[in-house]
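# how would this look folded up:
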Amino acid sequence: IEAITQQFLRLQEQTAPAEPQPPAIDPATEAEVAELKGALERARRMADDARRNATAQEKLAETAQARAGVEADRARAEAALARASREELEAAEQREYAER
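Sure, this is the predicted structure:
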């Protein structure tokens, strides 16, 4: 029995692969994988560019909105100055008329 067991173990060692080998990959499949990896990287770069562009557009819109607010404030200030100047002119005319 011992001899048969030893012979069985030797045969088992001879027939079993030392390390499992990964399956062979077809060169065409490797090329396709490389192409897909390249396409994925290009798509990632395009998405990053689109995100940066969207952020820049948002900042431009915020700047335009802020500029419009400043312009509106300036227009209100100019209108108030014009009113004050007109009122001052009218008051001066009334003083001059009163002095006559």
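
# residues near Q57, how many?
Neighbourhood size, Q57 [other Cβ atoms under 10 Å]: 10. Where you see a C-beta, it was placed from the backbone N, CA and C, and this is true even at glycine.

# against G69, how distant is it?
Separation of Q57 from G69 (Cβ to Cβ, to the nearest Å) stands at 19 Å.

# ditto for T15
83 Å.

# quick one: which of the two has more around it?
Neighbour totals were compared for T15 and G69, and G69 leads with 10 against 7 (other Cβ under 10 Å).

# now the helix or strand hosting that one: mean pLDDT?
Element membership of G69, judged by DSSP states H and E, is helix 27-99. For helix 27-99, the mean per-residue pLDDT is 92.

# what helices and strands are in contact with it?
Of the remaining helices and strands, none touches helix 27-99 by 3 or more Cβ pairs under 8 Å, 6 or more residues apart in numbering; DSSP states H and E.

# nearest residue to the middle of the protein?
The structure's the chain has its C-alpha centroid closest to R51; by Cα atoms, centre = their mean the separation is 2.5 Å.

# how near is that residue to E41?
16 Å.

# ok, P23 next?
On the measure of Cβ to Cβ, P23 and E41 end up 26 Å apart.

# and those two? Which one has more around it.
E41 (10 against 6).

# what secondary structure does L11 sit in?
Here L11 is helix, with the state taken from DSSP: H, G, I helix; E, B strand; the rest coil.

# next, count neighbours for it.
When neighbours are counted by other Cβ under 10 Å, L11 registers 10.

# ditto for R83
By the criterion of other Cβ under 10 Å, R83 has 10 neighbours.

# now stretch 79-97, how far from the chain's geometric center?
A distance of 55 Å separates the centroid of the chain from that of stretch 79-97, by Cα atoms, centre = their mean, to the nearest Å.

# err, stretch 29-44, not the other one
With Cα atoms, centre = their mean as the basis, stretch 29-44 stands 22 Å off its chain's centre.
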